[in-house]
Every structure is written in C-alpha cells, then in structure tokens.
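Asks: Here you go, sequence then predicted model.
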Amino acid sequence: MTHSYATHLSCPKCKNTYSIEGIHQLCSCGSPLLVRYDLAKAKSKVSKESLSGRESTLWRYHEFLPVLQKENVVSLGEGFTPITSLNRLGSSISLPSLFLKDEGLVPSGSFKARGAAVGISKAKELGVTELAMPTNGNAGAAWSLYAAKAGITAHIVMPVEAPEITRKEVLISGGRLYLINGLISDAGKTVAAFVQEHDCYDASTLKEPYRIEGKKTMGYEIAEQFNWSLPDVILYPTGGGVGLIGIYKAFRELLELGWLENDKLPRLVAVQSEGCAPIVKAHEAGESSSVFWENSQTKAFGINVPKALGDFLVLEAIAKTNGTAIAVSEADIEIYQRKVAQEEGQFICPEGAATIAAATKLRESNWISHDEQVLCLNTGMGIKYPETVLSKTIPTLEKGERIKEEYH
Ligand SMILES: *Cc1c(COP(=O)(O)O)cnc(C)c1O
Ligand SMILES: [Zn+2]
C-alpha cells in the first residue's frame, strides 16, 4: 500500500512547483509552500470507511501526509483528540450545540505536537540533523521533544516572557535553548541569521511546508468525528494561523476526495486578543494581508503574533468560507477560562478560552444563530499556564484547626 499520495510542493502565490524530495523552505517569491497530493488517485484507492479500525493517532491519515516511507514516522501517539459537548455552558450562552475539541490531550499538552510530529518525521526523511526555530513556547517544546526522539539537534529561541514550563520541556529533552528580550518576531530575526550562518534547517512557522500538514489533521478528525457532516462554525485561536490554514486545506482536500456529506464548509472564525489583533484589523479593513501589530500583549501567549507570514492565507480561508475575525478582551479570556472549568470540568488554556468568549460575542450579535453547531478549538491544556490563574487567598489551617465555611 502506498504510504503517501504526496506529489509535490506548490506556491499559493506564484504557482511555482517544487519536488517533494529535497529540502525546500520558502518559495523563491517569498511565500510559504503547500504540499499537494494526487487526490484523484487516492480517491480510487482509499475509502473513508477504511479508516475505522486504524490507529487513533493522526497517522491514520498517512495517505494525506507528506512522509513517504513509514519507517521515518516519529510518533508519540499524537492526535485523535476528543470532542466534548459543552451542554451546560452552551445552554447558558444560547448555543445548545456547542462543542470543544480538546487539543490539550496530546504529547506536550498542546496541539503543536501535531505540527512537530509531521514536521520532524519529514525532516528526518530529508536527512536533516540540525534545525532552528523561533517560538512562543509550545512549538519549541514540542519540536524539541520530537527532535530528541528523531535524533535531531534543535535550536530553540523564545521570548523570556514565554510560559516557563515550555523552557523546561526544551531543557529536559536536550534542546539548545536561547531566551530573547523581545517578541517572537525578534526571535524570528535571530533564527534567520543563525540558519544563514550555520546552514541549518529553518523550522520557523511556514518556512518549512510540513508543520501545516500535521495541523491539517485537525480538519480530517473534525470531519470524521462529525460523521463527514461538518459543523456550521469553527472558532480557532489565531496566532500564526497555521491551524486555521491547515483545517481549511483539509476540508478542501476532503471535498476533492468526495468524502464530505455536502459542499457547504463551516464558517471559519479567527479569534485573537484585543492586545494583538492584526488579522482582525486586516479583515475589518477588507485587506488581503496584515500589518505588524505594535506593542502586542496578551496572556494567551500562543496567539501573541504581531505579524504572520501566512496572514494572506488566513484571510483567504475566512473570506472563502464567509467566516470572520474577532478580538476578545483579556478579561473575557479569564472569565471564560474559569467558566469552562467550573461548568464543564475542563481546564483549558487561555487561547482556547478566547474562542468560547468569541462564540459568546458572536451569538450576542446574532452572527451565530441559536440552532447552529459550533465547534471551538482548545489548543492546549490549562495546566501548562498555572501563572494565568489568579489564586485568591487560600485559607491555611493550623494542625487540628477546624474548617469554617465562612472562609469561602
Ligand atoms: C501556537 C498556539 C496557537 C496559535 O496557533 P497558530 O496555528 O499558529 O495560529 C494557539 N494556541 C496555543 C496554545 C498555541 O500554542
Ligand atoms: Zn511563489
């Protein structure tokens, strides 16, 4: 059986094509490259029914992933995360069909493991021994762990402000960690200089074409888990936007495969924080690319990306699906993070909470109607960000002291 139907890389801007074998980073025109597959052939050989019974990881979709040889797959069991129904919270915000896909339940505790699994596997297949990347924390953590498994040296540059746990994930797995007094965009410049000087693989967001393929599998899973009949709206916490671009790419591939029950794609919503909302600003202005967001700041660190290389692809995905982009306040992120924990028992990350806050706002403005199926993406587990939870004064007892209810 063919392990992959990947055929080549193509540029979404200038339509240039490149071989799937050999190392390619950006297109010569500066745009990210996308992996293309022989879907017509795949369609005649693979059926969606044949998926049932396969392993419950993202590798169940291996025909639509870029790793050509099975022995190059580096896996820690990532993918096929649960979709839970947020009944109680949903009813309280007039969205009875509110769902959450919980990406906290993957190795390293964030969905960055998807991109790392496929990105690292492909890097291994291409003979890469050393790579470098800028990160807001989670990607660096995941790539460092998967690189360790693959025997690849990873140089990781992250802002000093990035969640502290992600430093430790890099350190424990033997990654070469560098902190920078600045934002991810500053880390990006440092990495660009480093890869030039050291002739090293550049694993920066969208500068290699394979991370997006890993993230794309969220779209395949959503389709399979919703029985090939997609929800009406999907909300995604958008930083670099790779996940959203990936989900859209997945749906387009599934349309081509003829696996979806109907042609109507979900309206895709890019959710950002008011402290860093370049995509929202561009969308509202009807622009096809974004402008660098000065002095960006948000506790949802994964979406603190002042300028994304793939911004035009995010804006296109939103436009083509009649979706939208919306910013939520820092206060709302905190409120909804607590609400989800208290009403649904799920401790989600601030980025995930932003999507619930956004769903609430979009319901209030009637952009989403009462009877629509709405899916929010929780991109990481809350326990990775203990510092974002306000700890109120906790009653501390002396040995033998009785509990008095009025403490709470
Ligand atoms: C990276 C990250 C995001 C943003 O992902 P993109 O696909 O790059 O937009 C959202 N949430 C968390 C927890 C992240 O780590
Ligand atoms: Zn190009």
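Replies: Yep, it's here. Ligands and ions are numbered 1, 2, ... in the order given.
Asks: quick one: stretch 89-107 to chain centroid distance?
Replies: 16 Å (CA atoms, centre = their mean, to the nearest Å).
Asks: how long is it from one end to the other?
Replies: 27 Å (CA to CA, to the nearest Å).
Asks: so does it get close to ligand 1?
Replies: No: counting by CB under 6 Å from any ligand atom, ligand 1 is not contacted by stretch 89-107; separation bottoms out at 7.8 Å. In short, each C-beta sits where N, CA and C put it, glycine included.
Asks: just stretch 341-360 next, same as before
Replies: Yes: Stretch 341-360 reaches ligand 1 (CB under 6 Å from any ligand atom) through C349, E351.
Asks: how distant is that stretch from the center of its chain?
Replies: On CA atoms, centre = their mean, the centre of stretch 341-360 falls 16 Å from the chain's centre.
Asks: ok, now stretch 59-76?
Replies: Distance, centroid of stretch 59-76 to centroid of chain: 19 Å (CA atoms, centre = their mean).
Asks: start to end distance for it?
Replies: Note: stretch 59-76 ends 11 Å apart using CA to CA.
Asks: Okay, buried residues for that stretch please.
Replies: Of all the residues in stretch 59-76, those buried under the rule 16 or more other CB atoms under 10 Å are 59-67, 72-75.
Asks: neighbours of the spatially closest residue to C276 that is not a sequence neighbour, just the number please.
Replies: Nearest non-adjacent residue to C276, counting by CB to CB, 6 or more residues apart in numbering: S296, 3.6 Å away. Per other CB atoms under 10 Å, the neighbour tally for S296 reads 20.
Asks: what does G53 give?
Replies: G53: 7 neighbours (other CB under 10 Å).
Asks: Can you tell me how far it is from S47?
Replies: As for G53, its distance to S47 is 12 Å (criterion: CB to CB, to the nearest Å).
Asks: Same check on E372?
Replies: 30 Å.
Asks: who has more neighbours, those two?
Replies: Legend: neighbour count by other CB under 10 Å for E372 and S47, higher for E372 (18 against 10).
Asks: can you pull the contacts of the more buried one?
Replies: L95, S97, P231, D232, V233 (CB atoms under 8 Å, 6 or more residues apart in numbering).
Asks: you'd agree the last one is up against L375?
Replies: Put plainly, it is V233. Yes: using CB atoms under 8 Å, V233 is in contact with L375, at 7.1 Å.
Asks: any residues in contact with both of the two?
Replies: P266.
Asks: more crowded one of the two?
Replies: V233 (26 against 23).
Asks: Next up, the contacts around that one.
Replies: Counting by CB under 8 Å, 6+ apart, V233 has contacts P266, R267, V269, G323, A359, L362, I368, E372, Q373, V374, L375.
Asks: That one and G345, how far apart?
Replies: For V233 relative to G345 (CB to CB), the value is 24 Å.
Asks: what's the residue closest to the geometric middle of this structure?
Replies: Against the mean C-alpha coordinate of the chain, by CA atoms, centre = their mean, the closest residue is G243 at 3.9 Å.
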